[in-house]
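*Asks:* can't give you the sequence, but here's the structure:
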């Protein structure tokens, strides 16, 4: 199986600063690491992902870093805005043929204050 | 845009009653998933399916059954509902190919009294 630990569980930052969320996983065979954003009362939505053949990926103000040796990956949100306030989930997936499923971290509640 | 719908959106059930949560996807995805979300636990996988006729146990399958009668539909069944199953349930679909993205439905809020 897989276990994913996510920290911190609560994160509060000021507008225009950076926010960082860290996750660790156990299964060295995991090869896909997505990040989902969930706004209150909504469903989770994919915001960025990274595969094991990459160490860094950036989409606009979102940066994901992957350290396979340490089994650690992280999400960095630069120049945060109040609209970034939400619950964020990391996940890890071990895929092989049809056999893939996501194991999620417990989530980080991010609040960006004006 | 991926389309996953769930019904009902809200459900109140009594302890010991049978509850069926339904999910429909129009993405023609092979894989479908049922999760529950509870504060402090994130999203936990209950059952999943690789295609019509298949169901697999996820990480927390006890007390739940699943049914995948067609490519489009995936149901979660609580034969004897208990208050501990009060939660928000999300269905998701995903492709088997290069994209591992899972598309989530809007969720069903289930309260078992």
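*Replies:* Okay, I see it. For clarity, every value in this text was computed on a predicted model and none was experimentally measured.

*Asks:* Quick one: name the residues of chain A near chain B.
*Replies:* By C-beta under 8 Å from any C-beta of the partner chain, the residues of chain A that approach chain B are A:1, A:6, A:32, A:34, A:42-46, A:49, A:89, A:93, A:95, A:98-107. C-beta: built from backbone N, CA, C; applies to glycine.

*Asks:* If any of these are buried, put those into a ChimeraX selection.
*Replies:* Buried subset of those, written as a ChimeraX selection, criterion 16 or more other C-beta atoms under 10 Å in any protein chain shown:
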select /A:6,32,34,43,44,46,49,89,93,95,100,101,102,103,104,105,106,107
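
*Asks:* Among the residues of chain A next to chain B, which are located in strands?
*Replies:* Counting by DSSP state E, the members of those that fall within strands are A:6, A:32, A:34, A:45, A:46, A:49, A:89, A:93, A:102, A:103, A:104.

*Asks:* Return the list of helices and strands in contact with the worst-scoring helix or strand of chain A on mean pLDDT.
*Replies:* In chain A, no helix or strand scores lower on mean pLDDT, DSSP states H and E than strand A:102-104, which sits at a mean of 92. With contacts taken as 3 or more C-beta pairs under 8 Å, 6 or more residues apart in numbering or on different chains; DSSP states H and E, strand A:102-104 sits against strand A:86-93, strand B:42-49.

*Asks:* And for the first one, what's in contact with it?
*Replies:* This points to strand A:86-93. Residues outside strand A:86-93 that contact it (C-beta atoms under 8 Å, 6 or more residues apart in numbering or on different chains) are A:2, A:4, A:6, A:21, A:23, A:25, A:27, A:30-40, A:44, A:73, A:75, A:100-105, A:107-110, B:42-43, B:100.

*Asks:* now swap in the last one and tell me
*Replies:* Strand B:42-49 is touched from outside by A:6, A:44, A:89, A:101-107, B:31-38, B:55-61, B:64-66, B:68, B:74, B:76, B:89-90, with contacts defined as C-beta under 8 Å, 6+ apart.

*Asks:* Nearest the geometric middle of chain B, what residue?
*Replies:* The centre of chain B sits closest to residue B:34, judged by C-alpha atoms, centre = their mean, with a distance of 2.8 Å.

*Asks:* what are the bridge partners for it, then?
*Replies:* Residue B:34 forms beta bridges with residue B:47, residue B:91, as assigned by DSSP bridges.

*Asks:* Isn't it up against residue B:89?
*Replies:* Yes - look at residue B:34 against residue B:89 with C-beta atoms under 8 Å: they come within range, at 6.5 Å.

*Asks:* returning to what we had before: deepest-packed of the helices and strands packed on strand A:102-104, please.
*Replies:* A comparison of these by mean neighbour count, using mean count of other C-beta atoms under 10 Å in any protein chain shown, puts strand A:86-93 on top with a mean of 24.

*Asks:* so how far is it from its chain's centroid?
*Replies:* 5 Å (C-alpha atoms, centre = their mean, to the nearest Å).

*Asks:* List the pairing partners of it within its sheet, with orientation.
*Replies:* Here strand A:86-93 is paired, per DSSP bridges, with strand A:32-38 (antiparallel), strand A:102-104 (antiparallel), strand A:108-113 (antiparallel).

*Asks:* Sounds good, over and out.
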